[in-house]
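Q: can you look at this prediction? I've put the sequence above it.
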Amino acid sequence: MDSNIITIDGLRRRYRPSTPGAPAFEAVRGVDLRVRRGELFALLGTNGAGKTSLMEVVEGIAPATDGHVRVLGHDPYAARAKVRPHIGIMLQEAGFPSDLRVVEMARTWAATLPAPMPPEDVLAAVGLAHRAGVAVKSLSGGERRRLDLALAIMGRPQVLFLDEPTTGLDPESRRDAWDLVRSMLADGVTVVLTTHYLEEAEDLADRIAIMHEGVVVAEGTPAEIGADAPATISFTLATGQPLPPLHGRDSASESARGVRHLIRTQRLEADLRILLDWSQAQDVTLDGLDARAASLEQAFLTIAAGGRPTHDLSEVPA
C-alpha cells in the first residue's frame with residue numbers, strides 16, 4: 001500500500017487577468033508535495049503565498065492549470081465523485097443558511113453523506129449539544145467554527161482538510177478541538193492543516209511545508225525547519241563603536257537610543273559569550289539584549305523577509 005495519501009507533482013495554478021492584454025497571474029508555481037497516510041501535515045505561508053490556491057486544487061474545488069494531483073489515488077477535481085465521500089473539508093467561511101437551527105443544519109448535511117455519524121453525536125463531540133436548538137445566526141464566531149468542524153468530520157473522512165480551524169476559538173475550545181483531531185489521527189485519519197498560529201503547527205504537525213510567492217521554500221519536521229533558521233541576538237549600543245569579530249552576520253540600524261544591532265548566527269552561545277566578554281572589557285551596555293534560539297518562528301520570519309532558512313548566512317537578508 002502506498003504510504004502517500006496525497007501526491008502533488010509540478011502543480012501550477014494561473015488566474016486569467018481581469019484586464020485584457022495583461023499577463024496571467026500564477027499563484028502556484030510548480031509545487032511538489034507528499035502527504036503520508038495518517039499524519040498531520042501543516043501548510044504555512046506568508047500573505048499571498050498561494051496556499052489557498054493550492055488547497056482548493058487538492059480539495060477538488062478548482063482544477064490545476066498544470067501538473068498532477070492525486071488524493072486517495074484519484075484526481076480530486078476530475079474524479080470528484082470518487083474522492084468527495086472520503087474527505088472532509090473545513091473552510092474558513094462555510095456560508096450556512098442563517099435561519100436554520102444548528103441541529104437542522106447538521107441533519108441536512110448528514111443527508112448528503114453516504115455513512116454519516118449521528119448529527120447529535122457530532123454536535124456533542126464539538127461542544128455544541130447545548131446549542132442544537134438555536135438558529136445558526138445566533139452562534140458566536142467561535143461556535144460557528146465548531147459547527148464547521150462538526151460537519152467536516154461527520155462523514156467519517158479518511159482525509160480531513162482544516163483551513164484555519166481554530167480562528168476565533170477561545171483557548172479551552174481550541175484545546176478541545178485539537179483533542180478531537182488527535183483522536184481522529186489515532187484512528188488513522190490524515191489531516192492537512194493551514195494555520196496562522198505557528199505554535200499550533202509546531203506542537204501538532206508531523207511535517208510542515210512553508211510557501212512563499214507560489215513555491216514551497218521549506219519542508220520537513222518542525223525541528224528540521226527550525227534547525228535551518230539562524231538564531232538571533234539583538235541589542236542597542238549608545239556608541240557607534242565596531243563590534244568584535246563574530247561568527248554571525250550583523251545588521252545595524254540607527255535608532256533614537258543609538259545603533260540597533262541584529263546578529264543572525266548559527267553559533268548562538270559562542271557569539272553571545274563573545275559579546276558579553278567584549279561589553280564587560282569595553283565597559284559598554286548591550287541595551288535591550290535579547291537572544292533567541294533557532295525555531296520555526298525564526299524560519300518563518302526569515303522567509304517572510306524575503307529569504308529562506310539556510311546554514312549559509314551569506315544568503316540571509318540583511
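A: Received it, and whenever you're ready, just let me know what you need.
Q: strands of this protein, start to end?
A: 4-15, 25-36, 40-45, 66-71, 87-90, 159-163, 190-194, 207-212, 215-220, 231-237, 249-255, 258-265, 287-292 (DSSP state E).
Q: center of this structure - which residue?
A: For the chain, Leu44 is the residue whose C-alpha lies nearest the centre (Cα atoms, centre = their mean; 3.0 Å).
Q: could you tell me the least trusted of the strands of the chain?
A: Mean pLDDT is lowest for strand 249-255 out of the strands of the chain, coming in at a mean of 87.
Q: okay, stretch 245-254 in CSV with CA atoms only?
A: The C-alpha trace of stretch 245-254 is given here as CSV (Å, rounded to 0.1, in the frame of the first residue of the first chain):
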residue,chain,number,x,y,z
PRO,A,245,34.6,39.6,15.3
LEU,A,246,31.5,37.3,15.4
HIS,A,247,30.5,34.1,13.7
GLY,A,248,27.2,35.5,12.7
ARG,A,249,26.1,38.4,10.5
ASP,A,250,25.3,41.8,11.9
SER,A,251,22.6,44.2,10.6
ALA,A,252,22.9,47.6,12.2
SER,A,253,20.4,50.5,12.0
GLU,A,254,20.2,53.9,13.6
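Q: how about residues contacting that stretch?
A: Stretch 245-254 has contacts (Cβ atoms under 8 Å, 6 or more residues apart in numbering) with 230-231, 233, 243, 259-267, 270-271, 274-275, 313-314, 316, 318. In this view, the C-beta of every residue, glycine as well, is placed from N, C-alpha and C.
Q: and what of stretch 161-176?
A: 52, 55, 58-59, 87-92, 126-127, 140-142, 144-146, 148-149, 152, 177-178, 181, 191-197, 200.
Q: mind listing what's buried in it?
A: Neighbour-count burial for stretch 161-176, counted by 16 or more other Cβ atoms under 10 Å, picks out Phe161, Leu162, Asp163, Glu164, Pro165, Thr166, Leu169, Ser173, Arg174, Asp176.
Q: same thing with stretch 72-83?
A: Buried residues in stretch 72-83, defined by neighbour count with 16+ other Cβ under 10 Å: Leu72, His74, Asp75, Pro76, Tyr77, Arg80, Val83.
Q: could you export those as a markdown table, including distance to Asp283 and pLDDT?
A: Output for these, formatted as a markdown table (distance: Cβ to Cβ, whole Å; pLDDT from 0 to 100):
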| residue | distance to Asp283 | pLDDT |
| --- | --- | --- |
| Leu72 | 67 | 97 |
| His74 | 70 | 97 |
| Asp75 | 69 | 97 |
| Pro76 | 65 | 97 |
| Tyr77 | 67 | 97 |
| Arg80 | 71 | 95 |
| Val83 | 68 | 96 |
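Q: give me the neighbour count for Thr194.
A: By the other Cβ atoms under 10 Å criterion, the neighbourhood of Thr194 contains 20 residues.
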